[in-house]
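# Dropping the sequence and predicted coords here.
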Amino acid sequence: MAILTVEFRSEALGKATKIKVIINQNAKPPYPTFYLLHGLSDDESAWSSNTSLERYAKDYPFLIVMPDGARSWYCDSKLGAYESYMTKELVEFVGKLFPTRKQARYRAIGGLSMGGYGALKLGLKFPRVYGSITAHSAAVGFMRWAPTATDISETPVLLDGMDIAANDPYELALKVPEKSRPHIYFDCGRQDFLYEDNQNFDALLRKNKIPHTYQRFEGAHEWSYWDTHIQDALKFHMKVMEL
């Protein structure tokens, strides 16, 4: 395996930022890509530091790209243009740095908690960029409870002037044209404080006959759960891409 940390200046963010990249040296380019997002308190190193992702990745041909999303909720806001960065600048930068497949079918996005929300939000909002989505313990209802969230200090700045509906996976799921829908997988532990959020999102998708895979497992909001189920995400993207 090749594991790289790349630091560069982002024009969208107006600052230097980092990505961590895992490359299976046995894979043949051009590579399919899997953008993997971290949670609220972490950075680009979280997935590889807290799980066995680097070992699991040996069985897959993906270029796994882990960006630093700060505490942005992967939105364009006064905290920074993180949605624009993720969906345009970063994808273009990675494509210049590595030989990657250009079709959305071969570009996946996933994440946990805040990153699970980000993956669902970005994947549903930009189906021409990402062909498949995975999310673990996703804070999928964030835009619905964020206005009253007192434990996230950035919330007032984040939501200031924001179009809530344009960043709400519930609303976005209903707007994706049927022929453009990305493949969706998400899971949550029954002991997770975000379990009800995920149950509600599953109910919305089922009610509106939007194809998806939703799995419930035993487990809480913790790395042991995510270490287990990132393996399900890798298998899902592999199947969707028919690799």
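Okay, I see it.
# ok, residues contacting the helix or strand bottoming out on mean pLDDT in the chain?
Across the helices and strands of the chain, the lowest-confidence element by mean pLDDT, DSSP states H and E is helix 155-159, at a mean of 92. For helix 155-159, contacts defined as Cβ atoms under 8 Å, 6 or more residues apart in numbering pick out 72-73, 75, 77-79, 146-147, 149. C-beta coordinates here come from the backbone N, C-alpha and C atoms, glycine included.
# Could you export that helix as CSV, CA atoms only?
Provided in CSV are the C-alpha atoms of helix 155-159 (Å, rounded to 0.1, in the frame of the first residue of the first chain):
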residue,chain,number,x,y,z
THR,A,155,-24.0,26.3,14.5
PRO,A,156,-25.1,30.0,14.6
VAL,A,157,-22.3,30.9,12.1
LEU,A,158,-22.9,27.9,10.0
LEU,A,159,-26.6,28.5,9.6
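# For the remainder of this discussion, apply numbering that starts at 6.
Got it, the first residue is 6 from now on, which makes the last one we talked about helix 160-164.
# returning to what we had before: of the contacts of helix 160-164, which is the most crowded?
Greatest neighbour count in these, by other Cβ atoms under 10 Å, goes to residue 78: 27 neighbours.
# you'd agree that residue is up against residue 123?
Yes - with contact defined as Cβ atoms under 8 Å, residue 78 reaches residue 123; the gap is 6.6 Å.
# following the host helix or strand of residue 206, which helix or strand comes up?
Assigned by DSSP states H and E, residue 206 belongs to helix 200-212. Per DSSP H and E, the first helix or strand lying C-terminal to helix 200-212 is strand 218-222.
# So for stretch 151-165, what gets flagged as buried?
151, 159-160, 163-164 (16 or more other Cβ atoms under 10 Å).
# Now do the helices in this structure.
Assignment of helices within the chain using DSSP state H yields the ranges 51-55, 58-61, 87-89, 95-102, 119-130, 147-150, 160-164, 174-180, 200-212, 228-246.
# can you tell me which of the ones you listed comes nearest to residue 67?
Relative to residue 67, the nearest member of these by Cβ to Cβ is helix 228-246, separated by 7.0 Å.
# Centre of the chain to the closest one, how far?
12 Å (Cα atoms, centre = their mean, to the nearest Å).
# Now that helix: buried residues?
230-231, 233-235, 237-239, 241-243, 245-246.
# average model confidence for that helix?
Mean per-residue pLDDT for helix 228-246: 98.
# tell me what that helix is packed against?
Other elements packing on helix 228-246 under the criterion 3 or more Cβ pairs under 8 Å, 6 or more residues apart in numbering; DSSP states H and E are helix 51-55, helix 58-61, strand 112-117, strand 137-141, strand 188-194, strand 218-222.
# Can you tell me what sits against the third one?
Outside of strand 112-117, the residues that reach it under the criterion Cβ under 8 Å, 6+ apart are 37-44, 67, 96, 105-106, 121-124, 127-128, 134-143, 231, 235, 238, 242, 245-246.
# Equivalent analysis for the last one, please.
Under the criterion Cβ under 8 Å, 6+ apart, residues 189-195, 200, 203, 206-207, 210, 230, 233-234, 237, 241 lie in contact with strand 218-222.
# and if we set it to 10 Å?
Contacts with strand 218-222, where a contact means Cβ atoms under 10 Å, 6 or more residues apart in numbering, come from 139-141, 188-197, 200, 203-204, 206-208, 210-211, 230, 233-234, 237, 241.
# Report the strands that pair with it, each with its relative direction.
strand 188-194 (parallel) (DSSP bridges).
# In the strand it pairs with, which residues are buried?
The neighbour-count check on strand 188-194 (16+ other Cβ under 10 Å) flags 188-194 as buried.
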